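Q: any chance you can model this:
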Amino acid sequence: MHDDRNLVEARLKRVLDERVRPALYPESVPLDVAVWNAPGEPVPVEEGLAAEPQPVEVGARWGAPWGTSWFRVTGTVPKEWAGKTVEAILDLGFDENMPGFQCEGLVYRPDGTPVKGLNPRNQWVRIGAPAEGGEEVCLHVEAASNPVVLDYHPFVPTHLGDKDTAGSEPQYTLTRMDLAVLDETVWNLVLDLEVLGELMAELPVDSPRRWEILRALDKALDAIDLQDVNGTAEQARSRLTEVLSTPAVPSAHRISAVGHAHIDSAWLWPLRETVRKVARTTSNMTALLEDEPDFVFAMSQAQQWAWVRDHRPEVWARVKKAVADGRFVPAGGMWVESDTNMPGSEAMARQFVHGKRFFLDEFGVENDEAWLPDTFGFAAGLPQIIKAAGTKYLLTQKISWSQTNKFPHHTFRWEGIDGTRIFTHFPPVDTYNCSMKGGEIAHAARNFKDKGVARHSLAPTGWGDGGGGTTREMIAKAARLRDLEGSATVEWETPHAFFEKAEAENPEPPVWVGELYLELHRATLTSQAKTKQGNRRSEHLLREAELWAATAAVRAGFPYPYDDLDRVWKTVLLHQFHDILPGSSIAWVHREARATYDRVAAELNGIIDAAQRALAGEGGTPLVFNSAPHARAGVGAGAAAAPVTEGRTDLTARPGGGHVLDNGLLRVEVDDRGLVVSAYDIAADRETIAPGGAGNLLQLHPDFPNMWDAWDVDAFYRNTVTDLTDADEVAPGDDGVSVRVVRSFGSSRVTQVLILAPGERRLEVDTEVDWHETEKFLKLAFPLDVHAERYASETQFGHFHRPTHTNTSWEAAKFEACNHRFVHLEEPGWGVAVVNDSTYGHDVTRTVRTDGDAGTTTTVRVSLLRAPRFPDPETDQGVHRFRHALVPGAGIGDAVREGWRINLPERHLAGGASEVAPLVTADRDAVVVTAVKLADDGSGDVVVRFHEAHGGRARATLTAGFPVAGVAVTDLLERPLADEEPAIEADGDRIAVRLRPFQLMTLRLKRA
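A: Numbering: from 1, shown residues only. Got it, this is the predicted structure:
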């Protein structure tokens, strides 16, 4: 037989595109359209419905950037359409090649009842099926003219990302507003042809099945009269019946489809627009669930559910009903789909606390999966947090974006720093916007790395980010793929049902130990420095507010601010979303974030001050409040006492220029360039700075990645570097015992103060940068005379080791990594820590010196600032302040302690009390208390969370500063865990605990 494959395939494409799809709506009449443009920000629904619109014609331009236009469409269904399926086609000016990221609409009836969303690939509204003929139609569309920020030529700087700079030029052209007859036979024919054509294209050319499909399609196309598609569609469909009913082979891969719409809580739009995006999508999905009995839709992010409840009650009622029916599924059990690298220990825990509690309170539903398809890598401390929240599984897709190494598993157990293992799945479909295309389904089956031991994978199915979720076309395709030869099988299932099946068929999957590092988007650890500083500052202020409010409540009857703390926590958690905290959103988002963090700080400082004043009482006795989990300067952890100052620091001239700082523990030499050329540990008789090197070295790199400006830093940035060694000024600081260094470069200026505190073995570096560079990367370097094959960086509830070498591509790819409060490296018996108050990105490299002692130089570089131009063209312009400290001679315990110290400055207050005793103490430095608070249920119980922080086993005694009637080990939601009781021994107000390395534990103490 002659090979006519290419001929038939080309024929299929043209007939579909030019004849069959255009026949979907064979009859149409125009609707009358009027519009009212809301001034300023969006208005309440009732106001939009009541407004008086003005007539407008199809073809008119509409919609200033970020504006809202209320369209009213009216018309009458022709009587001759009685018995036919009639829909309104409302095309606001959509570009179907962009399923999201542009204008959107939500359709209402005149009484305010939501109907469904309008999106680029979802432009229809059902009027009648069948229509009666003669019906009057009146619909209102709340249309958002969100500008296209990420266009066909991506990553071009634009001022459209902020309403203050976006201008007023209309963004869209009203394209179609019609009533039309839907030919459901043609609609089904389109899907038949698409499913078979897409499947055929994925099968081997020598596969008999491919040729069976080709012949059937050829015969179906023969049956279509191209001048009467609607009259011949049924006959064409009949010629495909047999080839569509051949069942899949028994060994076919099995896909659990989960309806899904990944909606970024902010990204290329502000938070307020996400409120409306969620309302549109949930309206779409509740309507679709009513029409499709097999369909299941899952939605994560409790914050987004809360937005619907609080802002769109008319939509919320439909959502609640669909949840009660078991087919609209709360997923993920987190407040938002947060970044997981940068959030601190408690914040990461509270993501699960507030997320799971919302679903429990609203629906009585508890999630057993963490759902994070788009997060930029996963910290090694996360598995035990997931488990401690009562969650069993993790789903993500993002690691498939890694540029260098292909992850070896799709289903595996992920082991964290404490040994906790979580059953984890990466969907091999490699997208969280699956549309049921044949190429996607075939890719999932081919790509699946667990063949032979497992056959199940999950496919999150639907358009996100303004695309409106799953479509009826996707559901129809899935129905055809349910059991079809040549394809993987597809079945709609909940995430829980998938994970149960996947774990049952593969109970002992491979194990991956340590972080799930994304080999991409590394610059998100640095972009938008003030957003990151706001997060770090807020996390520590929340610790302080809970600690002192709980202490004051127990000791002084202070009213514990349950509601205020709950609200502030949720605000901070929202801003940890994986495009806000990482710095990859538009200017509007980060402008609002900075203002929000300022308000959070003011409110929390008010709570802290009121609680401390209640504890201190009236009087003039000076007190120092220590919020850190370790004693310092004579003040216990979580206590207050009179200040104690010991020792002194001397500042002298350095021979050859510069200055010497000496406090008897460290002697630091700062040369006339303002660089640290020596940091000598006197007790250890050991130099910290590598021979010939200089610390406190600012380095400037060009920074223009190939893509994803705010997200990425590519390895080639290191090829070019400028050492900023010229100083405008190197002089004693205002206090006479510090060194002030001023530098100018480009259009920017840096002022640093180097401080050696009395009695402390640390050199503090306070840096102020007035930053006005473009596409540059600023680093702060410390070349250290330390031979270390690995180093530790803090993560949630512990630390994680990374190699300093690049033996393999896996290590080489980690050229920029995340730390929390410290980086630590050591030789046996002596180490160095670099601690910070607000930075996350860093790199650690090693070289062997070729002259002199041939020793090893290990260089730690802190990432300070970037200046990408997309999506925010003014990223990080302005004044920034950072605090770092170099801690020579530090063991891991010193690194932990100094990291807490620099993030929790002492607070000074005068009062009548001579001291304030701590509410809870731990007698081992290795056991770090991360939270002291009152129980969320208002019972007055005291909740204490702590962990082993040094990486070894620990026994400790916790002592409560109040009578204790009972103690329970709990999960993160403060619910007792009976099987954990043997880990503690309670004796009155003393509780003995035993902890594994990095183990976290939560205790609930009932007050007597």
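Q: residues near the residue lying closest to Ala910 once chain neighbours are set aside, how many?
A: If the residues on either side of it in the chain are set aside, Ala910 comes closest to Gly620, at 5.1 Å by Cβ to Cβ, 6 or more residues apart in numbering. No exception for glycine: its C-beta is placed from N, CA and C like everyone else's. Burial measure for Gly620: 7 neighbouring residues, criterion other Cβ atoms under 10 Å.
Q: then Gly988?
A: Once other Cβ under 10 Å is used to define contacts, Gly988 is seen to have 12 neighbours.
Q: re earlier: is it true that the residue nearest to Ala910 touches Ala913?
A: No: with contacts counted by Cβ atoms under 8 Å, Gly620 stays clear of Ala913, the gap being 11.5 Å.
Q: quick one, what contacts the residue nearest the centre of the chain?
A: Centroid check for the chain by Cα atoms, centre = their mean gives His578 as the closest residue, at 2.2 Å. With contacts taken as Cβ atoms under 8 Å, 6 or more residues apart in numbering, His578 has the following neighbours: Asp264, Val336, Glu337, Ser338, Asp339, Leu372, Asp374, Thr375, Phe376.
Q: can you rerun that using 6 Å?
A: For His578, the residues meeting the contact criterion (Cβ atoms under 6 Å, 6 or more residues apart in numbering) are Glu337, Asp339, Thr375.
Q: now swap in Leu958 and tell me
A: Applying Cβ under 6 Å, 6+ apart, we find Leu958 in contact with Val920, Ala922, Ile991.
Q: mind listing the residues bridging to the first one?
A: So that's Val920. According to DSSP bridges, the partner residues bridging Val920 are Ala960.
Q: equivalent analysis for the last one, please.
A: When bridges are assigned using DSSP bridges, the partners listed for Ile991 are Leu958, Ala986.
Q: and the strands in the stretch 251-400 of the chain?
A: Taking DSSP state E, counting those that start in this stretch to define them, one finds strands in the stretch 251-400 of the chain at 254-259, 297-299, 328-330, 369-371, 393-395.
Q: could I get the ones you listed as CSV with distance to Arg883?
A: CSV is the format used below for the strands of the stretch 251-400 of the chain (distance: least, Cβ to Cβ, whole Å):
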stretch, distance to Arg883
strand 254-259, 45
strand 297-299, 40
strand 328-330, 41
strand 369-371, 33
strand 393-395, 34
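Q: got JSON lines for the ones you listed, with distance to Thr74 and mean pLDDT too?
A: Compiled in JSON lines, those are given as follows (distance: least, Cβ to Cβ, whole Å; pLDDT from 0 to 100):
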{"stretch": "strand 254-259", "distance to Thr74": "33", "mean pLDDT": "98"}
{"stretch": "strand 297-299", "distance to Thr74": "32", "mean pLDDT": "98"}
{"stretch": "strand 328-330", "distance to Thr74": "32", "mean pLDDT": "98"}
{"stretch": "strand 369-371", "distance to Thr74": "42", "mean pLDDT": "98"}
{"stretch": "strand 393-395", "distance to Thr74": "45", "mean pLDDT": "98"}
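Q: distance to Asp3 and mean neighbour count added to those, as CSV?
A: Written out in CSV, the entries for the strands of the stretch 251-400 of the chain read as follows (distance: least, Cβ to Cβ, whole Å; neighbours: other Cβ atoms under 10 Å):
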stretch, distance to Asp3, mean neighbour count
strand 254-259, 32, 26
strand 297-299, 44, 26
strand 328-330, 48, 23
strand 369-371, 47, 28
strand 393-395, 43, 23
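Q: would you agree Tyr25 falls within a helix?
A: No: looking at Tyr25 with DSSP: H, G, I helix; E, B strand; the rest coil, it is coil, so not inside a helix.
Q: OK, contacts around it?
A: In this structure, Tyr25 makes contact with Ala180, judged by Cβ under 6 Å, 6+ apart.
Q: ok, residues contacting stretch 611-619?
A: For stretch 611-619, the external contacting residues (Cβ under 6 Å, 6+ apart) are Trp548, Ala549, Ala552, Ala556, Phe558, Leu623, Phe625, Leu909, Gly911, Gly912, Ala913, Val916.
Q: could I get the buried residue list for that stretch?
A: Buried residues in stretch 611-619, defined by neighbour count with 16 or more other Cβ atoms under 10 Å: Ala611, Gln612, Arg613, Ala614, Leu615, Ala616.
Q: over to stretch 497-508?
A: Using 16+ other Cβ under 10 Å as the burial criterion, the residues of stretch 497-508 that qualify are Ala497, Phe498, Phe499, Lys501, Ala502, Glu503, Asn506.
Q: quick one on the thing from earlier: against Ser914, how distant is the residue nearest to Ala910?
A: Between Gly620 and Ser914 the computed distance is 12 Å (Cβ to Cβ, to the nearest Å).
Q: list the beta-bridge partners for the nearest residue to Asn836 once chain neighbours are set aside.
A: On the basis of Cβ to Cβ, 6+ apart, the spatially nearest residue to Asn836 that is not a chain neighbour turns out to be His884, at 5.0 Å. The residues paired with His884 through beta bridges, assigned by DSSP bridges, are Val765, Asn836.
Q: so that it lines up with my notes, have the first residue be 872 from now on.
A: From this message on, residue numbering opens at 872, which makes the last subject His1755.
Q: surely His1755 and Val1636 touch.
A: Yes: counting by Cβ atoms under 6 Å, Val1636 is a contact partner of His1755 at 4.7 Å.
Q: after the longest helix anywhere in the chain, which helix or strand is next?
A: Among the elements of the chain assigned as helix by DSSP state H, the one spanning the most residues is helix 1458-1487. Reading on from helix 1458-1487 to the C-terminus, the next helix or strand found by DSSP states H and E is strand 1492-1497.
Q: list the buried residues in that following strand.
A: Leu1494, Val1495, Phe1496, Asn1497.
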